[in-house]
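Enquirer: Here is a sequence together with a model predicted from it:
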Amino acid sequence: APEAAMPLDRLRTASGSDGFRPSLRYEGADVRGLIALALAGHGLTLLPEPALDGVAAGVPVPRLVHRVELLHGGLTDGPAALFAAALTG
């Protein structure tokens, strides 16, 4: 919804990620219409808090942090074992 919320390219730049993939596009500029679509389960939108005033309950989003995890079951050799050793000191 580039006319009503943060454009997808700016969201990707601000988050440093291309992980936001659109499944639909809202061409309107009506913020209340956009919020109604999100509340009906037709997507997720990122809006400034003042836009939600009296319209809907927003969910505060904490600072997003990219995290990488390594799950292993007793690695003894190979790249994953070297990585695990480097992480654990």
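Expert: Sure, I can see it.

Enquirer: alpha carbons only for contacts and neighbour counts from here, please
Expert: Noted.

Enquirer: which stretches of this structure aren't confidently modelled?
Expert: Counting by pLDDT under 70, the chain has low-confidence residues at 20, 55-64, 75.

Enquirer: Can you list the residue ranges for helices in it?
Expert: 8-15, 31-39, 79-88 (DSSP state H).

Enquirer: Quick check: buried residues in stretch 6-16?
Expert: 8, 11 (16 or more other Cα atoms under 10 Å).

Enquirer: actually stretch 24-31, not the one I typed
Expert: Buried, per 16+ other Cα under 10 Å, within stretch 24-31: V31.

Enquirer: how about the helices of the chain in TSV, adding distance to V65?
Expert: Shown next, in TSV, are the helices of the chain (distance: least, Cα to Cα, whole Å):
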stretch	distance to V65
helix 8-15	9
helix 31-39	24
helix 79-88	18
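
Enquirer: tell me the contacts of the spatially closest residue to L47 that is not a sequence neighbour?
Expert: Of all residues not flanking L47 in the chain, A5 sits nearest, at 5.8 Å (Cα to Cα, 6 or more residues apart in numbering). Contact analysis of A5 by Cα atoms under 8 Å, 6 or more residues apart in numbering lists 31, 45-47.

Enquirer: Pull the distance from stretch 26-42 to the chain's centre.
Expert: 17 Å (Cα atoms, centre = their mean, to the nearest Å).

Enquirer: Output that stretch as CSV, nothing but the C-alphas.
Expert: Below are the C-alpha coordinates for stretch 26-42, written out as CSV (Å, rounded to 0.1, in the frame of the first residue of the first chain):
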residue,chain,number,x,y,z
TYR,A,26,-3.5,-2.2,-2.1
GLU,A,27,-3.5,0.7,-4.5
GLY,A,28,-5.7,2.9,-2.4
ALA,A,29,-4.6,5.8,-0.2
ASP,A,30,-7.2,5.3,2.6
VAL,A,31,-5.4,4.3,5.8
ARG,A,32,-8.6,3.2,7.4
GLY,A,33,-9.3,0.9,4.5
LEU,A,34,-5.7,-0.5,4.8
ILE,A,35,-6.2,-1.1,8.5
ALA,A,36,-9.5,-2.8,7.9
LEU,A,37,-7.8,-5.2,5.4
ALA,A,38,-5.1,-6.0,7.9
LEU,A,39,-7.6,-6.6,10.7
ALA,A,40,-9.6,-8.9,8.4
GLY,A,41,-6.5,-11.1,8.0
HIS,A,42,-5.5,-9.9,4.6
